[in-house]
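**Student:** Pasting a predicted model and its sequence here:
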Amino acid sequence: MRPATLLVLRLTRIAGFPRYLIGALLWAPVSVLPLAGGLVLQAIFDRIGAHRGVTLEDSLRLCAVFVGVEAVRGLIMVIAWVYGTYWWDAAVTVLRANLLRSILTARGPAARRLPHSSGEAMARLRDDVSDLVQLTDDIVSLAGATLFSVAALVVMAAIDPVVTLVLLVPMITIGVLNRILRGLVQRLHRRARVLGAVVTAFIGDAFAGVLAIKTAGAEDAVLERLRAQNRARRDAAVKDRLATDMLDTATGTTVEISIGLVLLLSASAMRRGEFTVGDLALFTSYAGWLAALPRTAGSMLSRLPQAAVAVERLGRLMAPHEDARDLSRASGVWFKRNPPATATATSSPGRDDALRVIEARGLSVHFGTGREGQGNGDARARGQGLYAVGLRVERGSFTVITGAVGSGKTTLVRALLGLVPLDAGTITWNGRHVEDPGTFLVPDRAAYAGQVPRLFSESLRENLLLGRPADDERIGLALELAALEQDVAGMPDGLDTVVGPRGVRLSGGQVQRATAARALVRAPDLLVVDDLSSALDVATEKLLWERIAAAARDGSGPGTLLVVSHRRAALERADQVVVLDRGRVAGRGTLGELLADCPEMRRLWDEESLAEAGEQAPPRPLARGAGRGGPRSRIDEGGS
Ligand SMILES: Nc1ncnc2c1ncn2[C@@H]1O[C@H](COP(=O)(O)OP(=O)(O)OP(=O)(O)O)[C@@H](O)[C@H]1O
């Protein structure tokens, strides 16, 4: 079965199959009741046309029946609509929830699956999901229109088969027209959608980088680019709308032509007394409703390839081992009550198998020209990526990964933690093979403070906990280890201070230490910290390592540390230093051993000694560096 068909079938069962079925069953009378309306109209006009002295009472009674039929239809329509909305929201929510679940928790790194812009990802979550749900919903409309058309054609054929046959011609024309123009409408629709996503993505990027735009004096250029993108989007949207409206107008005109044809053909039949005024009223009333069938069938036919594209695009966001079944997995939607509490830190995966040793062998990551995993000769020559790197970290040890800018330090820790896809290599935890490090090396086994810190526009406390149960003692310890407690004490609302969009109300150093504290709150077996030095001065970083090392010794903090750093405070404290050079291990050992044997380590050490001496010298005008707790050189260009 094709993925789109499978998905549509599974969507009918979302939020409980009866809900879709009840909606569909309610929709049936909504589609079929116009039959009764037509019959009542026929009776009204026949009585009037018969000149049999119809009383006002009679006419009013028939009119009341007609109004009653329409009122009942309206009422059922409202109920069906409410049911349909409930199902619609449930279906959309389930698809989106499954996508997010896959991106956030499924096996394998999500980085390669995400499109380049967040706007494009959002467009997929919004538009592609709607396309699929709409197609599923259209099945109900098509079934209703088919039911009505079959019954109406039977009634009409019984009155006058010739006029009925002639009426069919314009209906078939609508179907053919829809089929011919379908490709064009679809192309225009797709283009409008792509250009819409481009504008959304650009606005998102511009908001995120207001400071960068201002400091680069690029406001006008950004506005001009936005205008150009908007013009392209507007033109595409107008064309898309025009094509859809033209198709709708052609359908409407065809209906009017049908009614004209019925009038022409019925004139002579009426003269012969074979066709009544009531029949005419019935035919003209049914003609409009009959147009729904070719229109719905045409729109469904055009949605089928759109749904195939949507499933394919959504499939690319899912993990490679997942398919349409996982995308439509009914994982529960709670509209009327709160969802059950999620599993929290109490599950403690790391405690069952506490770290003794973690080992990586032959880790290789090949970066291509654009995306991971497409390694080529050029990248290899330039040393991009990792080439058969090994690493062994024992419980209670302090390991530092160091190397020049771009030597592969971040790639190594991210490969170890399953955050970039491996081209080769194995990872073991206490000698056991780790099949998917991305889902295995998570709290409480391992926690990671990345090089580019990420805070959310919430309070500092919420940023540290990220959904974990509040534990003030643990937060207090984490703040102290991250050397952030004095900063928090000075904040207007302490831990409840709202940090602003992506933490812009904090200094660069505070943001970075807050992300380190977030990792520490998780009390992991293995703490991985990627280069704090970009936002911390020498003294603050030294203090931080002193505190973390002391906590490791007395057991109050994480015992095993894997740190990316070029700072002397970290290197001097390390049990093991791994030196990387263009993605390969250039040396491994204690600092003393490496200074004796490894030229790359000596070069890095000399450079760092010079830099730190400069940083600790008395302040000079334009000196690079700030006091304790302040940012060293980081300007968060992403902030506003
Ligand atoms: N996603 C990616 N796609 C392509 N190339 C990448 C990607 N990530 C990193 N690289 C390249 O791989 C090399 C190593 O990058 P990495 O971030 O690991 O270096 P690093 O040693 O941590 O550098 P720094 O000290 O500047 O943080 C660089 O040449 C970088 O351009």
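**Tutor:** That came through, no problem.

**Student:** The closest residue to the ligand within the stretch 151-300 of the chain: neighbour count?
**Tutor:** Closest approach between the stretch 151-300 of the chain and the ligand, counting by C-beta to the nearest ligand atom: Asp205, at 17.8 Å. All C-beta atoms are positioned from the backbone trio N, CA, C, and that covers glycine. Asp205: 16 surrounding residues under other C-beta atoms under 10 Å.

**Student:** which phi and psi does it have?
**Tutor:** Backbone geometry at Asp205, expressed as degrees, to the nearest 10, gives phi -60, psi -40.

**Student:** pLDDT wise, what is it at?
**Tutor:** Asp205 is assigned a pLDDT of 83 by the prediction.

**Student:** Distance-wise, check it relative to His321.
**Tutor:** Distance, Asp205 to His321, using C-beta to C-beta, to the nearest Å: 32 Å.

**Student:** what do you get for Arg361?
**Tutor:** If you go by C-beta to C-beta, the gap between Arg361 and His321 works out to 24 Å.

**Student:** quick one: which of the two has more around it?
**Tutor:** Taking neighbours as other C-beta under 10 Å, Arg361 and His321 compare with Arg361 leading, 14 against 11.

**Student:** Wait, that one touches Ala424, no?
**Tutor:** No - with contact defined as C-beta atoms under 8 Å, Arg361 does not reach Ala424; the gap is 9.5 Å.

**Student:** I figured Met270 hits Thr276, correct?
**Tutor:** Yes - assessed by C-beta under 8 Å, Met270 is found in contact with Thr276 at 7.2 Å.

**Student:** Is Arg518 in a helix, a strand, or coil?
**Tutor:** Put simply, Arg518 is helix when judged by DSSP: H, G, I helix; E, B strand; the rest coil.

**Student:** need the next SSE after the helix or strand that contains Ala539, C-terminal direction.
**Tutor:** Using DSSP states H and E, Ala539 falls within helix 538-554. As assigned by DSSP H and E, the chain's next helix or strand after helix 538-554 is strand 560-564.

**Student:** is it true that Gly406 lies in a strand?
**Tutor:** No - per three-state DSSP, Gly406 lies outside any strand segment and is coil.

**Student:** what number of residues lie near it?
**Tutor:** Other residues near Gly406 number 14, with proximity taken as other C-beta under 10 Å.

**Student:** From the ligand, how far off is it?
**Tutor:** 4 Å (C-beta to the nearest ligand atom, to the nearest Å).

**Student:** Then Leu479?
**Tutor:** Distance, Leu479 to the ligand, using C-beta to the nearest ligand atom: 26 Å.

**Student:** Any idea how far the helix or strand encompassing that residue is from the middle of the chain?
**Tutor:** For Leu479, the host element (DSSP H and E) is helix 472-481. Between the centre of helix 472-481 and the centre of its host chain there is 33 Å, according to C-alpha atoms, centre = their mean, to the nearest Å.

**Student:** ditto for stretch 318-329
**Tutor:** 14 Å.

**Student:** Same check on stretch 498-512?
**Tutor:** Its chain's C-alpha centre and that of stretch 498-512 lie 25 Å apart, by C-alpha atoms, centre = their mean.

**Student:** mean confidence for it?
**Tutor:** What stretch 498-512 shows for mean pLDDT is 78.

**Student:** Show the end-to-end separation of that stretch, please.
**Tutor:** Separation of the first and last residues of stretch 498-512 by C-alpha to C-alpha, to the nearest Å is 16 Å.

**Student:** Tell me which other helices or strands the helix holding Leu479 touches.
**Tutor:** Contacts defined by 3 or more C-beta pairs under 8 Å, 6 or more residues apart in numbering; DSSP states H and E place helix 472-481 against helix 460-465, helix 485-489, helix 508-521, helix 538-554.

**Student:** So for the ligand, which of those sits nearest?
**Tutor:** Of the helices and strands packed on helix 472-481, nearest to the ligand by C-beta to the nearest ligand atom is helix 508-521, at 13.4 Å.

**Student:** Can you tell me which helices and strands the closest one packs against?
**Tutor:** strand 446-449, helix 460-465, helix 472-481, strand 526-530, helix 538-554.

**Student:** Tabulate those (CSV), appending mean pLDDT and mean neighbour count.
**Tutor:** Converted to CSV, the helices and strands packed on helix 508-521 look like this (pLDDT from 0 to 100; neighbours: other C-beta atoms under 10 Å):
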stretch, mean pLDDT, mean neighbour count
strand 446-449, 92, 24
helix 460-465, 91, 22
helix 472-481, 90, 19
strand 526-530, 93, 25
helix 538-554, 85, 18
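
**Student:** Can you add distance to Met491 and give the ones you listed back as CSV?
**Tutor:** Output for the helices and strands packed on helix 508-521, formatted as CSV (distance: least, C-beta to C-beta, whole Å):
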stretch, distance to Met491
strand 446-449, 20
helix 460-465, 7
helix 472-481, 11
strand 526-530, 23
helix 538-554, 17
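
**Student:** Nearest to Arg518, out of those?
**Tutor:** Of all those, it is helix 460-465 that lies closest to Arg518, at 5.1 Å by C-beta to C-beta.

**Student:** Now do that closest one: everything it contacts.
**Tutor:** Identification of contacts with helix 460-465 by C-beta atoms under 8 Å, 6 or more residues apart in numbering yields 455-456, 470, 475, 478, 488, 491, 494-497, 499, 503, 514, 517-518, 521.

**Student:** count of neighbours near Ile259?
**Tutor:** When neighbours are defined as other C-beta under 10 Å, Ile259 has 18 of them.

**Student:** ok, now Gly217?
**Tutor:** Using other C-beta under 10 Å, Gly217 has 8 other residues around it.

**Student:** How about the secondary structure of it?
**Tutor:** State at Gly217, reduced to three classes by three-state DSSP: coil.

**Student:** thinking Thr560 is in contact with Gly396, fair?
**Tutor:** Yes - using C-beta under 8 Å, Thr560 is in contact with Gly396, at 6.1 Å.

**Student:** With neighbour numbers in mind, choose between those two.
**Tutor:** Neighbour comparison, Thr560 and Gly396: the larger count goes to Thr560, with 22 against 13 (by other C-beta under 10 Å).

**Student:** Around the ligand, pick out the residues from the stretch 401-550 of the chain.
**Tutor:** Applying C-beta under 6 Å from any ligand atom, one finds that the stretch 401-550 of the chain approaches the ligand through Gly403, Val405, Gly406, Ser407, Gly408, Lys409, Thr410, Thr411, Gln451, Asp531.

**Student:** Can I get those residues in TSV including pLDDT?
**Tutor:** Formatted as TSV, these follow (pLDDT from 0 to 100):
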residue	pLDDT
Gly403	94
Val405	90
Gly406	89
Ser407	92
Gly408	92
Lys409	94
Thr410	93
Thr411	93
Gln451	84
Asp531	87
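
**Student:** For PyMOL, write the select line for the buried members of the residues you listed.
**Tutor:** Entered in PyMOL, the line below selects the buried ones among those, by 16 or more other C-beta atoms under 10 Å:
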select buried, resi 403+407+408+409+410+411+451+531
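
**Student:** Beyond the lowest-mean-pLDDT helix or strand in the chain, next helix or strand please.
**Tutor:** Taking mean pLDDT, DSSP states H and E as the measure, the helices and strands of the chain show their lowest mean at helix 377-382, namely a mean of 53. Proceeding N to C from helix 377-382, the next assigned helix or strand is strand 386-394, under DSSP H and E.
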